[in-house]
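>>> what's the 3D shape of this:
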Amino acid sequence: MKSAFVAIAAALLATTGVAQAAPILDTGAGTTSVSSAMSITNTRSLAGYFSLDKAVTVDGIYGWIGGDEGARLTANIYSEIDFVPANLLYSVDFVNRGSVDWQGADSLKWTLGAGSYFVVFSATDESKSYMPGGASNPLVAYLHGSEGNWRRLREQNLGIRLTGTTGGAVPEPAAWAMLIGGFGLAGGAIRTRRKRPAALA
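Numbers count the residues shown, from 1 in each chain. Predicted structure coming up:
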């Protein structure tokens with residue numbers, strides 16, 4: 001009976017609407033051509049605009065990036081005001097691996113509500129990094145520049161990817177009611193079994 005109780009509890013927990021792993025944003029990879037690339041320097045960042053219609057938790061942020069091995073970069077998320085990056089919400093450092101690939105950071109716990117944002121990649125040293133264009137599913141808009149001096153990038157489809165979970169980690173009230181009811185039924189079944197008289201020989 002104990003194993004049945006555990007199985008019921010597990011089934012109920014599986015239906016309580018906890019967060020499910022899902023891609024949040026993925027433009028697809030760009031090209032590997034340096035000739036079509038936009039450089040990331042300590043005076044010029046590259047940014048991509050995106051919007052969310054529900055809350056998410058970001059656990060990974062990546063750009064399709066190449067450049068000097070060992071170059072130090074930051075991946076950031078800014079709020080959006082008047083279609084430019086406004087307030088820095090989250091930032092993480094990472095090191096360029098040298099070859100063009102998805103580069104960035106994982107194991108994050110960045111929570112974002114519904115709204116509009118910018119992913120921004122910046123350099124923290126004078127080494128060379130760049131983002132080739134050619135992403136197959138580009139964002140609505142890309143910018144280059146720095147705080148207070150952002151400019152629109154034309155026909156430069158940079159590769160940007162966010163991974164994480166969508167949905168709340170806390171079960172909704174209806175799910176809690178079902179969960180508690182299920183425990184009650186399971187407990188009642190155990191009590192009934194204990195009270196049943198032994199069969200006569």
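
>>> Spatially nearest residue to residue 139, not counting backbone neighbours?
Of all residues beyond its chain neighbours, the one nearest residue 139 is residue 48 (4.5 Å), with distances taken as Cβ to Cβ, 6 or more residues apart in numbering. Every C-beta, even on glycine, is put in place using the N, C-alpha and C of the backbone.

>>> Neighbouring strands of the helix or strand encompassing the one you found in the sheet, and parallel or not?
Under the criterion of DSSP states H and E, residue 48 resides in strand 45-52. Its sheet considered, strand 45-52 pairs with strand 115-123 (antiparallel), strand 142-146 (antiparallel) by DSSP bridges.

>>> ok, and what's touching the longest one?
Okay, so that is strand 115-123. 25, 40-42, 45-52, 61, 63, 65, 71-80, 84-85, 89, 129, 131, 143, 160, 162 (Cβ atoms under 8 Å, 6 or more residues apart in numbering).

>>> now do stretch 89-98
Contacts of stretch 89-98 with the rest of the structure, by Cβ under 8 Å, 6+ apart, involve 58, 61, 65-79, 103-105, 108, 110, 112, 117, 124, 127, 129.

>>> now do stretch 29-37
Contacting residues not belonging to stretch 29-37 are listed as 64, 66, 100, 102, 130-136, 156-159 [Cβ under 8 Å, 6+ apart].

>>> farthest-separated two in the residues you listed?
Spatial extent of those (Cβ to Cβ) is set by the pair 130 and 136 at 18.9 Å.

>>> So which of these two has more stuff around it?
residue 130 (20 against 11; other Cβ atoms under 10 Å).

>>> The residue lying closest to the more buried one once chain neighbours are set aside: neighbouring residues, count only.
Beyond its immediate neighbours in the sequence, the residue positioned closest to residue 130 (Cβ to Cβ, 6+ apart) is residue 37, lying 3.9 Å away. Counted with other Cβ under 10 Å, residues neighbouring residue 37 total 23.

>>> Perfect, that will be all.
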